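A.B. asks: Next one to model:
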Amino acid sequence: MLKGEERKIPMHILFAGKSFLRLWDLLLPAFQGHEMDVADDLDLKDKLPWADVLIIRVTYELHSKDPRLKMVQQWGVGVEGLDIEACTKLGIFACNIPSRGTGNAEGVAEIALLHMMLLARRYARSQEKISEGKIFTPPGITLWGKRACVVGLGNLGHCVVERLIALGMSVVGVNRTYRPEFREWGIKSFYSLAEMEKALPGYHFVVVTLGLTPETQNSIAEPFFHAMDRNAFFINVARGGLVIREAFEKAIEEEWIAGAGLDVFWTEPPLVTDPILHHPRITVTPHIGGVTDASLKGALHFVAGNVEKLTKGEIPLSCLNRETFLTKEGVAETDEL
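C.D. replies: Below is the predicted model of the structure:
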């Protein structure tokens, strides 16, 4: 070993899900020097005692401490798949990928804009008209000069606000807590989650970017849609579980709102026979907001960086139970999220 060179401790990295095999050519160089394996639902429990790091895409519940396991890393932004409580009790780092700066929030914000534009310009109707040999119809609306309400002002919400303001829109925000920087973003008014229905009247677009937690699950119900203007559009690029489906369907069918754009669903993947997928006033995309070249590169870089931190005895980034480890012997206390 050269003078000044750090000794690298190889980690055993277990990827939960055969879908990771599609990324194997990218994973190999990203985790060079470490040992890797893939497990499916049938052999995950058998392979887990071998692993220092478990990388997951879907929910996995930990029931006991495997001898080597040091970190469970979510390959994504959402935290609903992480058993944070169990990880904390068992002394395991529970981490996700931060959305902003990794390509995820940026990509999802673009999908929100896509749905807004498709709805504003009546895209489905325009395709009918062009197939009939007609032009200059149907008339649509511009985003410029319109008003939007962004529900959820975390990293994703921030990215959405930036882009809406750049398009010349007036924006109000809804969030669990208020932060002074909201004014710096250009947000005109702020409302708490408890009073979010007050934020909706008079706004042309409502964009949902909330994280899914026990507090926010099913929080978007009939009063929410009743508070929206009849010519307003509802955009959900966060999680389907935030919305009570029956309330959403009623709002569409009884025309409480003009239409909706969805990149997320109550069951994923949705049934191909689901009428929501074929409704003329609903635009849908198959949860692809964060599925881009930039987000893949960002995820690889971030997760590989967290594995390197483990080899150095440091607390990984975006660690959701970080406080538990700040005073543990042998773990560096200087790491910052």
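
A.B. asks: what's the burial count for the residue nearest to residue 151 when sequence neighbours are not counted?
C.D. replies: Once flanking residues are discounted, residue 151 sits nearest to residue 174: 4.4 Å by CB to CB, 6 or more residues apart in numbering. The way it works is simple: take the backbone N, C-alpha and C, and place the C-beta from them, glycine included. Residue 174: 27 surrounding residues under other CB atoms under 10 Å.

A.B. asks: Surely residue 174 is in a helix?
C.D. replies: No: according to DSSP: H, G, I helix; E, B strand; the rest coil, residue 174 belongs to no helix; its state is strand.

A.B. asks: close enough to count as contact, it and residue 193?
C.D. replies: Yes: the criterion here is CB atoms under 8 Å, and residue 174 meets it with residue 193 at 6.4 Å.

A.B. asks: how about low-confidence regions in the stretch 1-150 of the chain?
C.D. replies: Scanning the stretch 1-150 of the chain with the threshold set as pLDDT under 70 gives 1-8, 63-65.

A.B. asks: Skip the chain neighbours and tell me the closest residue to residue 274.
C.D. replies: Excluding the flanking residues, the one nearest residue 274 by CB to CB, 6+ apart is residue 265, at 7.8 Å.

A.B. asks: wait, isn't the one you found in contact with residue 287?
C.D. replies: Yes: counting by CB under 8 Å, residue 287 is a contact partner of residue 265 at 7.3 Å.

A.B. asks: tell me the domain ranges of this structure?
C.D. replies: As recorded under automatic domain parsing, the domains making up the chain are 12-100+292-325, 104-284.

A.B. asks: What's the end-to-end length of the first one?
C.D. replies: So that's domain 12-100+292-325. For domain 12-100+292-325, the first-to-last residue distance is 21 Å (CA to CA, to the nearest Å).

A.B. asks: Check which helices and strands the top helix by length along the chain is in contact with.
C.D. replies: What stands out as the longest helix in the chain, according to DSSP state H, is helix 293-311. When contacts are defined as 3 or more CB pairs under 8 Å, 6 or more residues apart in numbering; DSSP states H and E, helix 293-311 sits against helix 24-30, strand 53-56, strand 71-74, helix 104-120.

A.B. asks: Could you export the ones you listed to CSV, including columns for mean neighbour count and distance to residue 87?
C.D. replies: Below are the helices and strands packed on helix 293-311 laid out as CSV (neighbours: other CB atoms under 10 Å; distance: least, CB to CB, whole Å):
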stretch, mean neighbour count, distance to residue 87
helix 24-30, 13, 23
strand 53-56, 24, 10
strand 71-74, 25, 6
helix 104-120, 22, 22
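
A.B. asks: okay, those in TSV with distance to residue 203 next?
C.D. replies: Output for these, formatted as TSV (distance: least, CB to CB, whole Å):
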stretch	distance to residue 203
helix 24-30	41
strand 53-56	37
strand 71-74	33
helix 104-120	12
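
A.B. asks: Which one of these lies nearest to residue 9?
C.D. replies: strand 53-56 (11.8 Å; CB to CB).

A.B. asks: which residue ranges form the helices in the protein?
C.D. replies: In the chain, the helices defined using DSSP H lie at 24-30, 44-47, 84-90, 104-120, 123-131, 155-166, 181-185, 222-227, 245-253, 293-311.

A.B. asks: what comes into contact with stretch 262-271?
C.D. replies: Residues from elsewhere that reach stretch 262-271 (CB atoms under 8 Å, 6 or more residues apart in numbering): 108, 111-112, 115, 235-241, 243, 245, 274, 276-277, 282-289.

A.B. asks: Just the buried ones among those, please.
C.D. replies: For the contacts of stretch 262-271, a neighbour count by 16 or more other CB atoms under 10 Å gives the buried set as 108, 111-112, 115, 235-241, 243, 276, 282-285, 287, 289.
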